[in-house]
Every structure is written in C-alpha cells, then in structure tokens.
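Peer 1: sequence first, then the predicted structure:
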Amino acid sequence: MFTIDDLKARAQAPKVVVGNADFTLMLDSNAVVEEVIIGLSAYFGEDNERQAIRLIVQGKEIGYLTRTGLYEFIELAERGIGDADNALLPGRPAYRLIELHCPFQGCESRMLVTSVDNLPACPVHAGVRMEISP
Ligand SMILES: [Zn+2]
C-alpha cells in the first residue's frame, strides 16, 4: 500500500524538472494512491511528451511527479509480496483520473482529480470553478 506521503516524497522541486507539465494533479486526503498511480500511468501513456505533472495535496503545492518517478512506483508495486491482487499493471489502466479545465476562454489551466465532489477553483482565475472536461 502506498500513501499520499509516498507520492509527496517522490515529488521534485519545480526547478529540477525538465519538460512540460501542463496539468496539475489535485489530491485530497481521501485519495486512494493505488488508483492515482494507475490514473497517472494512463495520463503519461496518452502522450509521450508528458514528462511531469504538478502535484498539489490538500491545497499545498508539493512539486512535480515525473514520468520516471511514476515508473519507480509501478516497479516497487510489482516487487511487493502478496500484492498480486492489486497489481499495478502499466499499459492497461482500468482507473482514470477526472480531467478538469477552466471555463474562462483562453485559459489553459488543466487539472486531474480523483473526485468531483468539491471542484477546485482555477489557479489563474481565482473564484472561477474548474469544469469537468468531456
Ligand atoms: Zn482559468
């Protein structure tokens, strides 16, 4: 079992990240980390240009999770003893993170969340609530 703290520990300071990070991953304390990892695997799998994603946990900016950092999680999970039932299989993610966009015309804020119970505001346009992308 991974925890949000494991994710936080692997997040890097923005300055060490090379490559684009268009999306922000917003997690709250209820996030199921195994599902998040599967969802991130899908996110990185969809586009090879995606090298990192910005991580915000409970409103606090943590840093960036990189594609390489995520693969380390998947490898660790595969080596775990007795975890076969919840194996994280790269390539065929069954769980997807929910994609949000800012409704403000021309705004490029994009987020991934695990739940739509409490949609966050756009980090650029304070007070404008993010919307679920089709
Ligand atoms: Zn915006």
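Peer 2: Looks like it arrived, so ask away. Numbers count the residues shown, from 1 in each chain.
Peer 1: all contacts plus neighbour counts: C-alpha atoms, from now on.
Peer 2: Noted.
Peer 1: tell me which helix or strand of the protein sits lowest on mean pLDDT?
Peer 2: Sorting the helices and strands of the chain by mean pLDDT, DSSP states H and E puts helix 67-79 at the bottom, at a mean of 79.
Peer 1: pick out the residue nearest the middle of the protein.
Peer 2: The residue lying closest to the centre of the chain (Cα atoms, centre = their mean) is Leu25, at 4.0 Å.
Peer 1: report the beta-bridge partners for that residue.
Peer 2: When assigned by DSSP bridges, Leu25 has beta-bridge partners Leu55, Leu112.
Peer 1: show me which residues of this structure sit near the ion.
Peer 2: Residues of the chain that fall close to the ion, judged by Cα under 5 Å from the ion: Cys102, Cys107, Cys122, Val124, His125.
Peer 1: give me the buried subset of those residues.
Peer 2: Cys102, Cys122 (16 or more other Cα atoms under 10 Å).
Peer 1: dump the residues of the chain next to the ion into JSON lines; add distance to Gly69 and secondary structure as well.
Peer 2: Shown next, in JSON lines, are the residues of the chain next to the ion (distance: Cα to Cα, whole Å; DSSP: H, G, I helix; E, B strand; the rest coil):
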{"residue": "Cys102", "distance to Gly69": "28", "secondary structure": "coil"}
{"residue": "Cys107", "distance to Gly69": "28", "secondary structure": "coil"}
{"residue": "Cys122", "distance to Gly69": "26", "secondary structure": "coil"}
{"residue": "Val124", "distance to Gly69": "27", "secondary structure": "coil"}
{"residue": "His125", "distance to Gly69": "30", "secondary structure": "coil"}
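Peer 1: which of the residues of the chain next to the ion sits closest to Ile4?
Peer 2: Cys122 (22.7 Å; Cα to Cα).
Peer 1: and Ile37, how far from Val113?
Peer 2: Ile37 is 12 Å from Val113, where distance means Cα to Cα, to the nearest Å.
Peer 1: just confirm Arg67 contacts Gln51, I think it does.
Peer 2: Yes: using Cα atoms under 8 Å, Arg67 is in contact with Gln51, at 5.2 Å.
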